[in-house]
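A.B. asks: Predicted model and sequence follow; I will ask about them next.
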Amino acid sequence: MQENSESQPMEWYPNRIICGEEHLALLILNQPLQEECKLFVKVNWESALFHVAVDGGANQLKELSSDECPLIPDLVCGDFDSVFPEVLDFYKSKGVSIMPTPDQDETDFTKALRLTEMHLQSKKLQVSSIIAVAQNGDRLDHILGNLNTLYQANEITSTPVFILGNHSLTWILSVGFHKIHVTKEMMNCHVGLIPLGQECKNVSTTGLKWNLTNDKMNFGGLISTCNMFDGSSVVTVSTDTPLIWTMEVPLAE
């Protein structure tokens, strides 16, 4: 994602994503999906323009499928240490592209993102967002690996990349000025602004219960967790360093 300035803020509409109003590419990551995420996948499957099952995510997708609602991805990829052989055989029989990515220097999520960008370019598919559906919780190393992929995503694709978990949506705010549009249904949701990659020397916000004003953020110092909205319909964030923005979202149950 390119840097932006206060004259050209980056606009974010999380409600459009969770309501399926965007042209999405869907990535189903490994680990069991929570019920709300399963429903999100089912509801948004037909409207999504590209679908990827990442290694053991193929198992989750196959389990989620039914005769009435077959969920056949465009691509299954990964180092295949988690996907069941019979699931791979099933998707092969359906003509799905199967692409092993054995390189262990990157996570399956990162490698899947590279392949997704390659396919989107080759197919000339115009998507507004790439949504990785994943489980939040259980494995901290998986969570940190997924966040690391978000930091790498800017070098892989110009399309915004989000992680959707159980009632949460997470993405990177690049250097510059951002406007995050909030609905009434989100007003009681918690938010976090995390300087995971490196120290942030200057960050300012409006629209939060506990705002920052030219503050420095770093691990071992100040980080903004368990924050909330102040009732404004727009939150602004100005930052000199990429930051993780994570927020609760009211997914349908």
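C.D. replies: Great, that's in hand.
A.B. asks: which residues of the protein score low on pLDDT?
C.D. replies: Low-confidence segments of the chain (pLDDT under 70): 1-7, 137-138, 252-253.
A.B. asks: where along the stretch 1-150 of the chain do the strands fall?
C.D. replies: Remark: strands assigned in the stretch 1-150 of the chain by DSSP state E, counting those that start in this stretch are 10-12, 24-28, 50-54, 75-78, 97-100, 129-133.
A.B. asks: got CSV for those, with mean neighbour count and distance to Thr116 too?
C.D. replies: The C-beta positions use only the backbone N, C-alpha and C, and glycine is treated the same way. Output for the strands of the stretch 1-150 of the chain, formatted as CSV (neighbours: other Cβ atoms under 10 Å; distance: least, Cβ to Cβ, whole Å):
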stretch, mean neighbour count, distance to Thr116
strand 10-12, 17, 21
strand 24-28, 26, 6
strand 50-54, 26, 6
strand 75-78, 25, 8
strand 97-100, 15, 11
strand 129-133, 23, 6
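A.B. asks: Out of those strands, flag the one nearest Glu36.
C.D. replies: The minimum distance between Glu36 and the strands of the stretch 1-150 of the chain falls on strand 129-133, with 10.2 Å, by Cβ to Cβ.
A.B. asks: could you pull out the strands for the stretch 151-253 of the chain?
C.D. replies: 161-165, 168-173, 176-181, 190-194, 200-206, 215-217, 224-228, 234-239, 243-248.
A.B. asks: ok now the second one, how far from the chain's centre?
C.D. replies: On the basis of Cα atoms, centre = their mean, to the nearest Å, strand 168-173 sits 6 Å off its chain's mean C-alpha point.
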